[in-house]
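Asker: build me a model:
(2 chains)
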Amino acid sequence: MAIKGPKGTHDIIFNDINKWHTIESKLTDLMEVYDYQEIRTPIFESTELFLRGVGDTTDIVDKEMYTFQDKGDRSITLRPEGTASVARAFIEHSGFNEVLPSKFYYIGPMFRYSRPQTGRFRQFHQFGVEVIGSINPYLDGEVLEMMMKIFTSLGIKNLNLEINSVGCPKCRPLHKEILKDYLKLYFNELCPTCQGRYEKNPLRIFDCKNTKCQEIINNGPYITDNLCNECNEHFEEVKKYLAMSKVEYVLNKKMVRGLDYYTKTAFEITAGREGAQSSIGGGGRYDGLIEELGGPSLPGIGFAIGLERVVLTMEEQSLFDNLIRIRKKVYVANVSEDNIDAAVKLVQNLRNLGIVAIYDIMTRKLKGQFKYANKINADYVITIGDDEVKNNVYQLKNMNTGEQIVCSYDELIKNLGGE
RNA sequence: GUGGGUGUAGUUCAGUGGUAGAGCGCUAGUUUGUGGUACUAGUUGUCGUGGGUUCGAGUCCCAUCAUCCACCCCA
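Answerer: Numbers count the residues shown, from 1 in each chain, chains lettered A, B, ... in the order given. Presented below is the predicted three-dimensional model:
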């Protein structure tokens, strides 16, 4: 039995890789425009980083981490998300002594041990952005606007941005008490999961799908009603920026995100997929994280986009159909084996001019070579035979129009767009 | 972690307990130096794996593994 890839992993192979390249190049282009720098951190870290950074009441840490002991008996974890690593690297390299804010983006694999299903893998890929060092609410707005621009520039439709404010260490504890006082009255009616959440993280009850729990929580106090002045003003400014930038959003007072480090602005974005795994990105502000991880008290904000879900959404919306290949492909065919060396030489010359060129390495007959050229979507086929070699001319066929001309080397290069 | 579906060719899938199949793809051919269409031929199978029932199992039963879908959670 042949060995298969581990559960929850997938290969990006054959034509699929073009989809990823398309997305990645769009992303890196945009990041340049916004003047963000790429950061590459290791894909494994000390387990402790995630325990402290992501939070040990989260499901991610609780049950989804790939953790193991290495040969030096260190506890290692494959990163389940990117923010903690970026924060760690920022602190470790004293980013706070450099010009602020630090603006990073990253792209790479993440690992979570969960049951795979549509749009969910154990090794999956995220693109993410982190900005450290500014508390300005306009930054929240800019980051949101940028995230939306990523999706719209890829052509993705039916986007739905939801935002909320989850408060800060000043107002959230107070709100939690108010919420708990309210929930106490209905405690016995909550589902078992939510009864457990009551002590550990009552805000998460908002996420419950149970209709009874929803009924109870819908009539309860919302965090946005109990924000401190600072958080409230901040949130108002964020919304002002979004209105100014014509970024459409829905205020979702019930949204509470699954990671402990979020403060103030939190957001999530979906793209019209029905039900399961419709979320293609999310993020928020994390003003306490840098300090929590041993750095100075600096605010931060970021988001992550699930690339598998972007690919899935783009496939569903048929957005890969009209990908335009900018570089033309030239196939150099030989009439017989005697002409192969001439074909090779031509291919080498074309390549030196930056023209994409290939020739037959399967010793196919001429007809077979044309079939092959057609299959690989060659734009041109140049045929080399004894006549052409003798007369120093080239048969150039445009595979899209079917037109074929005889030309000199200079004309050939000119036709192929070379210098 | 919970629940459901499916495992047969590269792929998508037929296959009533009795000789292993089709479409697509791929490879080659259809006499002369030219693709897409058409036609012809070929295409590698421990029918996921291990047990059981049976004269006989791709088919029925059990187990196991894999995979897909949904829940949970998230991207």
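Asker: distance of residue A:296 from residue A:89?
Answerer: To residue A:89, residue A:296 is 15 Å away according to CB to CB, to the nearest Å. Backbone N, C-alpha and C define where each C-beta goes, glycine included.
Asker: what about the residue nearest to residue A:278 when sequence neighbours are not counted, neighbour count?
Answerer: Nearest residue to residue A:278, sequence neighbours excluded (CB to CB, 6 or more residues apart in numbering): residue A:270, at 4.2 Å. Residue A:270 has 18 neighbouring residues, counting by other CB atoms under 10 Å.
Asker: in chain A, which helix or strand is least confident?
Answerer: helix A:192-200 (a mean of 79; mean pLDDT, DSSP states H and E).
Asker: just the C-alphas of that helix, formatted as PDB.
Answerer: C-alpha atoms of helix A:192-200 as PDB (Å, rounded to 0.1, in the frame of the first residue of the first chain):
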ATOM      1  CA  PRO A 192     -24.600  22.000  29.600                       C
ATOM      2  CA  THR A 193     -21.800  23.600  27.500                       C
ATOM      3  CA  CYS A 194     -22.900  27.000  28.400                       C
ATOM      4  CA  GLN A 195     -23.300  26.100  32.000                       C
ATOM      5  CA  GLY A 196     -19.600  25.300  31.800                       C
ATOM      6  CA  ARG A 197     -18.900  28.600  30.000                       C
ATOM      7  CA  TYR A 198     -20.700  30.500  32.800                       C
ATOM      8  CA  GLU A 199     -17.700  30.600  35.100                       C
ATOM      9  CA  LYS A 200     -14.800  30.300  32.600                       C
END
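Asker: show me what counts as buried in it.
Answerer: For helix A:192-200, the buried set under the neighbour-count rule, 16 or more other CB atoms under 10 Å, comprises A:194, A:197-198.
Asker: also stretch A:139-146?
Answerer: The neighbour-count check on stretch A:139-146 (16+ other CB under 10 Å) flags A:139-146 as buried.
Asker: from these, which ones fall inside helices?
Answerer: A:139-146 (DSSP state H).
Asker: ok, and of those, which contact RNA strand B?
Answerer: Residues shared between these and the neighbourhood of RNA strand B: none [CB under 7 Å from any atom of the strand].
Asker: and those residues as a markdown table, adding distance to residue A:170?
Answerer: Output for these, formatted as a markdown table (distance: CB to CB, whole Å):
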| residue | distance to residue A:170 |
| --- | --- |
| A:139 | 20 |
| A:140 | 18 |
| A:141 | 22 |
| A:142 | 25 |
| A:143 | 23 |
| A:144 | 23 |
| A:145 | 27 |
| A:146 | 28 |
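Asker: let me see the contact set for the closest residue to residue A:360 other than its chain neighbours.
Answerer: Using CB to CB, 6+ apart and skipping residues adjacent in sequence, the residue nearest residue A:360 is residue A:369, 5.1 Å away. The contact partners of residue A:369, by CB atoms under 8 Å, 6 or more residues apart in numbering, come to A:331, A:333-334, A:360, A:381.
Asker: how about the contacts made by residue A:40?
Answerer: Residues near residue A:40 by CB under 8 Å, 6+ apart: A:106, A:108.
Asker: helix, strand or coil for it?
Answerer: Three-state assignment for residue A:40 (DSSP: H, G, I helix; E, B strand; the rest coil): coil.
Asker: re the thing from before, pipe the ones in helices among the buried residues of stretch A:139-146 into TSV and attach distance to residue A:15 and pLDDT per row.
Answerer: Listed next are these as TSV, based on distance: CB to CB, whole Å; pLDDT from 0 to 100:
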residue	distance to residue A:15	pLDDT
A:139	39	97
A:140	38	97
A:141	38	97
A:142	35	96
A:143	33	97
A:144	33	97
A:145	33	96
A:146	29	97
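Asker: of the residues you listed, closest to residue A:407?
Answerer: residue A:146 (48.4 Å; CB to CB).
Asker: what's the nearest residue to the closest one if we skip its chain neighbours?
Answerer: residue A:34 (5.8 Å).
Asker: just the pLDDT for that neighbour.
Answerer: With respect to pLDDT, residue A:34 scores 96.
Asker: next one: the one 10 residues further on
Answerer: The score at residue A:44 is 96. That number is its pLDDT.
Asker: that one: what's it in contact with?
Answerer: By CB under 8 Å, 6+ apart, the residues touching residue A:44 are A:76-79.
Asker: pretty sure the residue nearest to residue A:278 sits against residue A:276.
Answerer: No - between residue A:270 and residue A:276 no contact is recorded; they are 11.1 Å apart, counting by CB atoms under 8 Å.
Asker: hang on, isn't residue A:164 packed against residue A:250?
Answerer: No - checked against CB under 8 Å, the pair residue A:164 and residue A:250 is beyond contact range at 9.7 Å.
Asker: for RNA strand B, what's the nearest residue on the stretch 251-400 of chain A?
Answerer: Proximity of the stretch 251-400 of chain A to RNA strand B (CB to the nearest atom of the strand) peaks at residue A:258, 1.0 Å away.
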